[in-house]
Every structure is written in C-alpha cells, then in structure tokens.
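Engineer: generate a structure from the sequence data that follows.
(2 chains)
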There are 2 protein chains.
Amino acid sequence: MRTQFHHNLDHLAGQLQVMCRRDGAAIATATDALLHADVELAEEVLDLCGDLEILREDCESTAVSLLALQAPVAGELRQVVTAIQLTGNLTRMGALTEHIADIARRRHPVHAVPEPVRPIVARMGAAAVAIATSAVEVLGTRDPHDAAALDDQDDVMDRLQHDLLTAVLAEDWTEGAAAAVDLALIGRYYERFADNAVEVGRRTVFMATGYTPGTWQPQSADRH
Amino acid sequence: MRTQFHHNLDHLAGQLQVMCRRDGAAIATATDALLHADVELAEEVLDLCGDLEILREDCESTAVSLLALQAPVAGELRQVVTAIQLTGNLTRMGALTEHIADIARRRHPVHAVPEPVRPIVARMGAAAVAIATSAVEVLGTRDPHDAAALDDQDDVMDRLQHDLLTAVLAEDWTEGAAAAVDLALIGRYYERFADNAVEVGRRTVFMATGYTPGTWQPQSADRH
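Structural biologist: Residues are numbered from 1 along each chain as shown, chains lettered A, B, ... in the order given. Here you go, the predicted structure:
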C-alpha cells in the first residue's frame, strides 16, 4: 500500500513537472515578446498558458483519485493536500506570465521596455527561466538542498526588481510615467513568478518528505 | 455520516469566515493608513495579517481531520479539497493588504496617494471592504446568487483601477513617476484582493453544492 501510494505520488510529481516546464517555456517566450515588441510571440504565450488550466485539472484529478482510492492518513494525507496546493502556485506562474505578454501586446508596436532598462528586464527573464528550470528539477529530485537553492535565485530576482524600480524612479528617467508604470508592473509579475517557484520548491520537499527543512521560514501548510 | 460530514463542513466554513472577516478589517485599516499617511495604522495592519497564518493553519487542520476521520469520496471529497484551496485565497488577500500597508509605511511622512487621486483610492478601499463583507456572507449563506453578486462588485473595482491608471498616465499628471509607480502597484493590490474575493465566492458555492453555477467561467477545481 505504501509503495503504491508513493508510486502514485511519483506520477503526480511528474504531472506537476509538466506544468512547471510549461511555465518556464511560457515566461521565456513572454520575455522575448517583451524585449522585441513581438505581438505574435505574445499570442503564443497565451496559447501556452491556456493549456495550464487543463494540466491543472489533470493534476487535481490524480490527487483526488489518490485520496479517494487510497485514503491516506496523517503525513501521507498532508502530502497529497500539499500537492493540490502546489498546482495553485504553478497555475499562478502561468497567469503572471500572461500579464507580461499582455503588456507586450497592448503596447505594440511601441516597445513596453525602453532601451535603457532592456538589459535589466532581459536578466529578469533569464532569472525567471532559471528558477522555473530549478523548480522542475526539485519536483524530480525532491532534494531539500536543490529546493534551498531556489531561495538564492529568488534573491537575484529581488535585486533585479529593485534595480528596475531604481532606474525608473531616477532623476534622469526620461521615458515618462506610462513606461514607468508598465515597468513597475512587469517587475512585480517577474518577482511574483519567482516567489511562486520558491514555494513550489518548499512544498515539493514537504510533499516528498513530510517535513520542511529547518533553515526555511515555516509555511502554513508545512508546519504540521 | 453524511450529517456529521456536513456539520464539520459548517464548522470549516465558520473558520473561513473568521479569516475573511480579518481580511476585511485589515484592508479597511490599510486604506486608512494610506489615505492619512498614518504609520501606526500601517503597523496595525501587519498585526492583523500576522494572525491570518495561524487562522489558515486551523482551517487546514480541520480540513485534514475531516479527510482523515471521515474519508469522504467523490463530490464530498472535492468539497473538502476546495475548502483547502479557499484558504489560499483568503491568505493571499491578507498578503496583498500587507503590501498596501507597506507602501503607506515606506512613504511616511510623505503621502503615497497624492490629493488628486485620493477619492479614487478611497473608493477602491470601500469596494475592497464591501467585497470582503460579501464574501463573508457567501461563506455563511453559500448562496449562488450572493456569490454571483461578487462579480459585479469586482467590476466596480476593475473600473476604479482603470480610473486610477488613467489619472496617473494623463498629460496633466504633475505628481511624478514615483507616485505613479506606487499608485499602479496599489491599484494592482486592490484589484487582486477583489479577484481573490470573487474566487472565494465561487469556491464556496462549489464547496457547499458540489457544482458551479453555469453563468460563471468554469474554475479548474470546480468543473468536476
């Protein structure tokens, strides 16, 4: 029974990996759409993200079947509940990516990202892809050390967001308030994308092991 | 058994109401902090929101006990799963409220909301309190019509956010890019607060009835 449960949990983790890989592909495309003011790429992001809702339903179905057919208790029950919460993070990452693509689309043919801050946004895009890739790995390895590394990647993203805000609020900013507002929101979307990836890592470790490594801030669902 | 299950589900809905009421009180206080540049009120918000994490754990414990002790299947199982997802929305509402309070605190003694747009932000605050209050009611009545009314309240919020962005991007905006950026983020936080309240309503109806009213966009968890 325990073996079957873990086999099913592996299957669920595989489905979650598919979602997370999709998030990574979508944010890579969204960043390209943004940096090149490419409306076709922006449309492509909406397609990529549209699939996430279906993938989420598949994950939730697996989790609910697991609950219904195996009636896990105690720690194993908490693990399945955590997997369900994890689908929420992965769906949210897609929604944030759509917001980024949407700004690229709405501003087209104007560049939403003026030339002076394009390098920062490019680095935010790369950081987002990197953290999504790491989250996919953690979903596979379920290794607490791999998950802890996500925190460092999140710190990189936080610094980039800070750099972006500093640039748009500087005295020598000449691109106007509209671009500043777009960029503040874009920065926020990338930062939240990374936050959700960190939570994917934390929850994955809890899902696999039933405990949260002590070096992390306890999460609501992870404390029991 | 069925009666006991529904009794426990009622208890859980009551706990969720406590969380939602806290969200409403916190966003009312955060709006006051913002409009009056009152740093003490901003600190109070952080206290109010700090409790949400504990309340969330209580809800999740109840839900997990319900799963473990009653091993519900099919529709009833989906209802408990939905309740767990709902705690995510209610926690998120608190986090968004903290972000609003945080802007008030960081800008102090400067007003984060310049005089010309203060009426719009005041209306956003009132709309947020109203939608949180309605969500508390839906958690009690679990009435699909009450839940549908949340969509209308969300439309009000979306219009206010649009008005706020229009104001800060207008040619005659003289308050600078920094204020514009703050206000774009503030608008985003209020809008996401309302979005989450709408989802609380939808999920509550699904939790109580096992189906999602056909007039709504199907939600991932609500389609089965």
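Engineer: isn't residue A:35 right up against residue A:123?
Structural biologist: No - using Cβ atoms under 8 Å, residue A:35 makes no contact with residue A:123, being 11.0 Å away. C-beta coordinates here come from the backbone N, C-alpha and C atoms, glycine included.
Engineer: nearest spatial neighbour of residue A:153, skipping sequence neighbours?
Structural biologist: Excluding its sequence neighbours, the residue lying closest to residue A:153 (Cβ to Cβ, 6 or more residues apart in numbering or on different chains) is residue A:131, at 4.4 Å.
Engineer: residue contacts, that neighbour?
Structural biologist: By Cβ atoms under 8 Å, 6 or more residues apart in numbering or on different chains, the contact set of residue A:131 is A:150, A:153-154, A:157, A:193-194, A:197-198.
Engineer: how about a cut-off of 7 Å?
Structural biologist: Each residue near residue A:131 by Cβ atoms under 7 Å, 6 or more residues apart in numbering or on different chains is listed here: A:150, A:153-154, A:157, A:194, A:197.
Engineer: just these now: which is nearest residue A:94?
Structural biologist: When the contacts of residue A:131 are compared for distance to residue A:94 (Cβ to Cβ), residue A:197 wins out at 11.9 Å.
Engineer: how many neighbours does the closest one have?
Structural biologist: Neighbour count of residue A:197, defined by other Cβ atoms under 10 Å in any protein chain shown: 29.
Engineer: same check, this time on residue A:110
Structural biologist: If we define neighbours as other Cβ under 10 Å, then residue A:110 has 11 of them.
Engineer: cool, and residue A:210?
Structural biologist: Neighbour number of residue A:210 under other Cβ under 10 Å is 15.
Engineer: repeat for residue A:97
Structural biologist: Residue A:97: 30 surrounding residues under other Cβ under 10 Å.
Engineer: with the one 3 residues further on instead?
Structural biologist: A count of nearby residues for residue A:100, using other Cβ under 10 Å, gives 28.
Engineer: ok, it touching residue A:189?
Structural biologist: Yes - at 5.1 Å, residue A:100 counts as touching residue A:189 under the criterion of Cβ atoms under 7 Å.
Engineer: before we move on, the earlier item: immediately after the helix or strand the residue nearest to residue A:153 falls within, which helix or strand?
Structural biologist: Per DSSP states H and E, residue A:131 falls inside helix A:118-141. Counting by DSSP H and E, the element after helix A:118-141 in chain order, helix or strand, is helix A:144-168.
Engineer: following the chain onward from that next one, which element is next?
Structural biologist: That would be, after helix A:144-168 and using DSSP H and E, helix A:176-209.
Engineer: any part of that following helix near chain B?
Structural biologist: Yes - counting by Cβ under 7 Å from any Cβ of the partner chain, chain B is contacted by helix A:176-209 at A:177-178, A:180-181, A:184-185, A:188.
Engineer: can I get those residues in CSV including pLDDT and distance to residue B:144?
Structural biologist: Shown next, in CSV, are the residues of helix A:176-209 next to chain B (pLDDT from 0 to 100; distance: Cβ to Cβ, whole Å):
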residue, pLDDT, distance to residue B:144
A:177, 88, 42
A:178, 89, 41
A:180, 93, 42
A:181, 94, 37
A:184, 95, 38
A:185, 95, 33
A:188, 96, 33
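Engineer: from the contacts of residue A:131, which two are the most distant?
Structural biologist: Taking Cβ to Cβ, the two most distant members of the contacts of residue A:131 are A:150 and A:157; they sit 10.3 Å apart.
Engineer: near chain B, which residues of chain A show up?
Structural biologist: Residues of chain A lying near chain B (Cβ under 7 Å from any Cβ): A:53, A:56-57, A:60, A:64, A:67-68, A:71, A:73, A:77-78, A:81, A:84-85, A:88, A:91, A:165, A:168-169, A:173, A:177-178, A:180-181, A:184-185, A:188, A:220-221, A:223.
Engineer: how about 8 Å then?
Structural biologist: Proximity of chain A to chain B, by Cβ under 8 Å from any Cβ of the partner chain, involves residues A:53, A:56-57, A:60-61, A:63-64, A:67-68, A:71, A:73-74, A:77-78, A:81, A:84-85, A:87-88, A:91, A:165, A:168-169, A:173, A:176-178, A:180-181, A:184-185, A:188, A:220-221, A:223-224.
Engineer: separate out the buried members of those residues.
Structural biologist: Among the residues of chain A next to chain B, the ones that count as buried by 16 or more other Cβ atoms under 10 Å in any protein chain shown are A:56-57, A:60, A:63-64, A:67, A:71, A:77-78, A:81, A:84-85, A:87-88, A:91, A:165, A:168-169, A:173, A:177-178, A:180-181, A:184-185, A:188, A:220-221, A:224.
Engineer: buried sites along stretch A:133-150?
Structural biologist: A:133-140, A:142-144, A:146-150.
Engineer: give me the mean pLDDT for that stretch.
Structural biologist: Stretch A:133-150 carries an average pLDDT of 93.
Engineer: roughly how far is it from the heart of the chain?
Structural biologist: Taking Cα atoms, centre = their mean, to the nearest Å, one finds the center of stretch A:133-150 at 13 Å from the center of the full chain.
Engineer: pull that stretch out as CSV, backbone CA atoms only.
Structural biologist: Below are the C-alpha coordinates for stretch A:133-150, written out as CSV (Å, rounded to 0.1, in the frame of the first residue of the first chain):
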residue,chain,number,x,y,z
THR,A,133,14.0,25.1,-14.5
SER,A,134,15.3,24.6,-11.0
ALA,A,135,11.7,24.1,-9.7
VAL,A,136,11.2,21.4,-12.4
GLU,A,137,14.4,19.7,-11.1
VAL,A,138,13.2,19.9,-7.5
LEU,A,139,9.9,18.3,-8.5
GLY,A,140,12.0,15.4,-9.8
THR,A,141,14.7,15.1,-7.2
ARG,A,142,12.7,16.4,-4.2
ASP,A,143,16.0,17.3,-2.7
PRO,A,144,16.0,19.8,0.1
HIS,A,145,19.3,21.3,-1.0
ASP,A,146,18.1,21.8,-4.5
ALA,A,147,15.0,23.5,-3.1
ALA,A,148,17.1,25.7,-0.8
ALA,A,149,19.0,26.9,-3.9
LEU,A,150,15.7,28.4,-5.2
